[in-house]
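K.L.:
sequence first, then the predicted structure, then my questions.
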Amino acid sequence: MTTLKNEVFEYSREHFGTEPEYLWHTDPNFAVLRRSGNKKWYGIIMDIPRQKLGLEGGEKVDILNVKCPEQLLGSFLGQEGFHPAYHMNKSHWLTVRLDGSVSPDQIFGLLEMSYRLTKSGKELL
């Protein structure tokens with residue numbers, strides 16, 4: 001069964017040439033998406049308890065953290081499926097639930113934006 005998490009990995013592979021990196025032995029399902037040139041993170045996928053996002057239920061939910069311009073954060077936070085960044089700087093990152101509450105197209109658009117925001121001056125894109 002294809003999950004949104006797997007679709008994000010496939011999109012990152014096809015569009016940016018990046019593979020998920022699993023950096024934490026204590027959290028083996030947490031994956032970082034990193035630019036190849038400057039090694040900056042443009043996405044982090046985690047599975048966390050729903051309560052950590054202020055939601056009901058004890059089960060875990062897959063999330064994606066993406067970089068987001070500060071002036072756009074408020075417009076996303078008023079919509080279903082978006083939350084202040086979990087475990088990241090809440091002024092520069094946004095959490096997106098990967099549970100179907102946000103469309104794949106919107107998720108991919110946010111991933112593109114995050115990728116652009118993390119480029120260095122030496123990179124073309």
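P.N.:
Looks like it arrived, so ask away. Numbering: from 1, shown residues only.

K.L.:
that's a strand at Lys52, yeah?
P.N.:
No: counting by DSSP: H, G, I helix; E, B strand; the rest coil, Lys52 falls outside a strand, being helix.

K.L.:
surely Gly17 is in contact with Ser36?
P.N.:
Yes: if you go by C-beta atoms under 8 Å, Gly17 and Ser36 touch, sitting 6.4 Å apart. Yep, even glycine has a C-beta here, placed from its N, CA and C like the rest.

K.L.:
any low-confidence regions in this protein?
P.N.:
Applying pLDDT under 70 to the chain flags the ranges 1, 121-125.

K.L.:
now do 80
P.N.:
Counting by pLDDT under 80, the ranges of the chain that qualify are 1-2, 120-125.

K.L.:
where do the strands of it begin and end?
P.N.:
Taking DSSP state E as the test, the strands found in the chain are 31-34, 41-49, 60-67, 82-84, 93-97.

K.L.:
got the CA positions of the first one in CSV?
P.N.:
Going back to what we said before, that points to strand 31-34. What follows is strand 31-34, C-alpha atoms only, in CSV (Å, rounded to 0.1, in the frame of the first residue of the first chain):
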residue,chain,number,x,y,z
ALA,A,31,13.9,10.6,8.0
VAL,A,32,15.6,13.7,6.8
LEU,A,33,15.4,15.0,3.3
ARG,A,34,18.6,17.0,2.6
